[in-house]
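**Student:** Turn this into a model:
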Amino acid sequence: MSSEGRSGLGGKRDAEVGSPCCVDRQEFGTSEHRPVTEPALRPTRDHSILVEVAGVPSGIVIPFSFPAPEKVWNSTKVKMPFSTFSKQTVAIPGQQRGEEVDRWDVIREALNRPHFNTANDLETAIKRYNPKYSNVWRFVGLCRHVDQMQPADQHYLLAILLPQVAKMALQAPHLCQKPVPLLTVGMRHALTMSQGQCACLLANAFFCTFPHRNSPLHRSEFFNYPTINFSRLFESTSPRTSEKLKAIFCYFKSVVENMPNGLITFQRCGLSHSIDWRRSQCKVTQLHLSNVGTIEDEGRGMLQVDFAAPLVGGGVLGHGLVQEEIRFLINPELIVARLFTERLADTECLIVTGAQRYSEYTGYSDTFHWARAHLDTTPRDSWLRRCTDIVAMDAVKFDNPLDQYRPHFLERELVKAFCGFSCRVIPDQHRKAIATGNWGCGAFKGDVKLKALIQIMAAAQAHRDVMYFTFGSNDSTRDIRTMHRFLKERNVTVGQVYSILEKYSSMDFTRSTRPDLYEFMQRQLISLRGRY
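**Tutor:** Sure, this is the predicted structure:
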């Protein structure tokens, strides 16, 4: 489960604003209605590009041609299902020993068909090239969802849509020739691909074709990566599974009928230097507070925060259905990041530019429901990417909530937020405001007041304004607004705030005796100013 706190995503859309904001949203820097002109797109040592760059300025997207892509098989690249190194033993009638064949041949034979008769038929096809799991996997959730569909919808899914998605998956040797790098821990690297390539990879994930990506064992080859094959989702009997599958099928229906002609960039970013927070002279930036609205709607054109898990996407292909999982479902191209993004370290984040939105929804967690298809009209930049920037940054999950006030964790969360707001492999052309909310709260037991202050400090250090969603909490809106105004009016520096947080963390208190953070902060600042 992701660190949620029910802030931006899932917010009510029709409530009255309960309190005034610190600054008008219109004063913020965004890319909305203002497509960015990027430098010429070209591959570098730190930027892998899976398309021919020459055609991009003219709107022509062609997959990069690579010699013998089926021969690529090493520890630095995604192991593709069409590689000749991916083998499978098949039974030979009348013989005791089976024959080793290319697994891709079995995949093609299983998926290259005019229609699927039932969900069980689809399950059988997937197990043909995953024989190790033929007696392990039970796609109860998938079968239940399909069985509950109306006859016309069921026919469309099995006889029309899924065969087209299967054809898309089988295009991988043509569409995805250039090796896809694994974005490993400590690696600062960007990866740009087309939305068509993204769809092809997602189609392969849906049909569970990626080799070496099924084992849950701690010592397995990809244990430090998120799951990518959809088998776990298909197995889930949770009522959430049907709503997730509706969003996934909505995406596939959209790209099968009209494949978008754009690019998406994934950047694994990391902080390469330490920050002396005590000496920071940065002042707090502008803040817009709202107790209604959502990060993906009202935060359009801004840098939108994904309250991530260290394994990006969290439980999107499992049981999770909070802030991060919802974002990955309405923008399914984000799921592709799970294929190549290793667990995020404390000083790292993932930035995704260009992910398109395909679905609308209502509710949150157990009340989440897929509503309808969404038409994304976000403009594109000169690299043909939607002007949507999403930063996945993971907060610490606390067993003991008092631990979050310790200096080590204060530093960790400040660094993580600053990395998300500032570090880039491909430099930003302008500093957009940050659309965020109660990052690391809710199930992660973060203190809303502390997490808001940490993000305000990190944004100040990164010289970005903040739009903060409190998800219907008038109290949080009031408290954060008052604290921000206090800091702003007194020209308080990040260093001063950090020093007071250190003093707060050194106090010996329990949950019942802990003084209110903002009241303590204000008293200390008043006392500090009174000395001069």
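**Student:** distance of the residue nearest to V53 when sequence neighbours are not counted from T341?
**Tutor:** Distance criterion C-beta to C-beta, 6 or more residues apart in numbering; nearest residue to V53, sequence neighbours excluded, is L41 at 4.9 Å. C-beta here means a position set from N, CA and C on the backbone, and glycine is covered the same way. Using C-beta to C-beta, to the nearest Å, L41 is found at 21 Å from T341.
**Student:** So for those two, which residue has more residues nearby?
**Tutor:** Taking other C-beta atoms under 10 Å, L41 and T341 do not tie; T341 has more neighbours (25 against 20).
**Student:** correct me, but the more buried one touches L350?
**Tutor:** Yes - the pair T341 / L350 is scored as a contact, 5.8 Å apart, by C-beta atoms under 8 Å.
**Student:** May I have the helix ranked longest in the chain as CSV, with CA atoms only?
**Tutor:** Counting by DSSP state H, the longest helix found in the chain is helix 240-257. Extracted in CSV, the C-alpha atoms of helix 240-257 (Å, rounded to 0.1, in the frame of the first residue of the first chain):
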residue,chain,number,x,y,z
ARG,A,240,-11.3,-3.9,-6.0
THR,A,241,-10.1,-6.2,-8.8
SER,A,242,-13.0,-5.6,-11.1
GLU,A,243,-12.6,-1.8,-10.8
LYS,A,244,-8.9,-2.1,-11.6
LEU,A,245,-9.6,-4.3,-14.6
LYS,A,246,-12.2,-1.8,-15.9
ALA,A,247,-9.5,0.9,-15.9
ILE,A,248,-7.0,-1.4,-17.6
PHE,A,249,-9.5,-2.5,-20.3
CYS,A,250,-10.5,1.2,-20.8
TYR,A,251,-6.8,2.0,-21.5
PHE,A,252,-6.4,-0.9,-23.9
LYS,A,253,-9.6,0.0,-25.7
SER,A,254,-8.4,3.5,-26.2
VAL,A,255,-5.0,2.6,-27.6
VAL,A,256,-6.3,-0.2,-29.8
GLU,A,257,-8.8,2.2,-31.4
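**Student:** wait, doesn't the residue nearest to V53 sit right on G55?
**Tutor:** No - with contacts counted by C-beta under 8 Å, L41 stays clear of G55, the gap being 10.2 Å.
**Student:** any residues in contact with both of those two?
**Tutor:** Contact criterion C-beta atoms under 8 Å, 6 or more residues apart in numbering; residues shared by L41 and G55: none found.
**Student:** count of neighbours near T192?
**Tutor:** When neighbours are defined as other C-beta under 10 Å, T192 has 25 of them.
**Student:** Test of understanding: give the bridge partners of it.
**Tutor:** Under the criterion DSSP bridges, T192 forms beta bridges with I49, T265.
**Student:** Next one: it from F222, what distance?
**Tutor:** For T192, the distance to F222 (C-beta to C-beta) stands at 23 Å.
**Student:** Give the full set of residues in contact with the nearest residue to L233 once chain neighbours are set aside.
**Tutor:** Closest residue in space to L233, ignoring its immediate chain neighbours: L317 at 4.6 Å, by C-beta to C-beta, 6+ apart. By C-beta under 8 Å, 6+ apart, the contact set of L317 is P226, T227, I228, F230, R232, L233, I335, R338.
**Student:** Can you add pLDDT and give those back as a markdown table?
**Tutor:** Output for the contacts of L317, formatted as a markdown table (pLDDT from 0 to 100):
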| residue | pLDDT |
| --- | --- |
| P226 | 98 |
| T227 | 98 |
| I228 | 98 |
| F230 | 98 |
| R232 | 97 |
| L233 | 98 |
| I335 | 98 |
| R338 | 98 |
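**Student:** Nearest to L414, out of the residues you listed: which one, please.
**Tutor:** Ranked by distance to L414 (C-beta to C-beta), those are led by P226 at 25.5 Å.
**Student:** And the helices in the stretch 201-350 of the chain?
**Tutor:** For the stretch 201-350 of the chain, the helices defined by DSSP state H, counting those that start in this stretch occupy 231-235, 240-257, 295-298, 323-330, 337-340.
**Student:** Any idea which of those helices gets closest to K167?
**Tutor:** Among these, helix 240-257 sits nearest to K167 (C-beta to C-beta), with 9.0 Å.
**Student:** What are the contacting residues of that closest one?
**Tutor:** Here helix 240-257 makes contact (C-beta under 8 Å, 6+ apart) with 141-142, 144-145, 148, 157, 161, 164-165, 168, 195-196, 199, 202-203, 206, 233, 316, 319, 321, 329-330, 332, 358-359, 361, 366, 368-370, 373.
**Student:** quick one on the thing from earlier: mind giving me TSV with the helices of the stretch 201-350 of the chain and columns for mean neighbour count?
**Tutor:** TSV is the format used below for the helices of the stretch 201-350 of the chain (neighbours: other C-beta atoms under 10 Å):
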stretch	mean neighbour count
helix 231-235	21
helix 240-257	21
helix 295-298	20
helix 323-330	28
helix 337-340	22
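**Student:** which stretch among those comes nearest R103?
**Tutor:** Taking C-beta to C-beta, helix 231-235 is the member of the helices of the stretch 201-350 of the chain nearest to R103, at 15.8 Å.
**Student:** Please save the CA atoms from the closest one in CSV.
**Tutor:** These are the backbone C-alpha positions of helix 231-235, laid out as CSV (Å, rounded to 0.1, in the frame of the first residue of the first chain):
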residue,chain,number,x,y,z
SER,A,231,-0.9,-12.6,-12.7
ARG,A,232,-1.3,-11.4,-9.1
LEU,A,233,-4.0,-9.0,-10.1
PHE,A,234,-5.8,-11.8,-11.9
GLU,A,235,-5.6,-14.0,-8.8
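**Student:** Please enumerate the strands of the stretch 51-200 of the chain.
**Tutor:** With DSSP state E, counting those that start in this stretch as the criterion, the stretch 51-200 of the chain has strands at 87-90, 99-102, 189-194.
**Student:** deepest of the ones you listed, which one?
**Tutor:** Mean neighbour count (mean count of other C-beta atoms under 10 Å) peaks for strand 189-194 among these, with a mean of 24.
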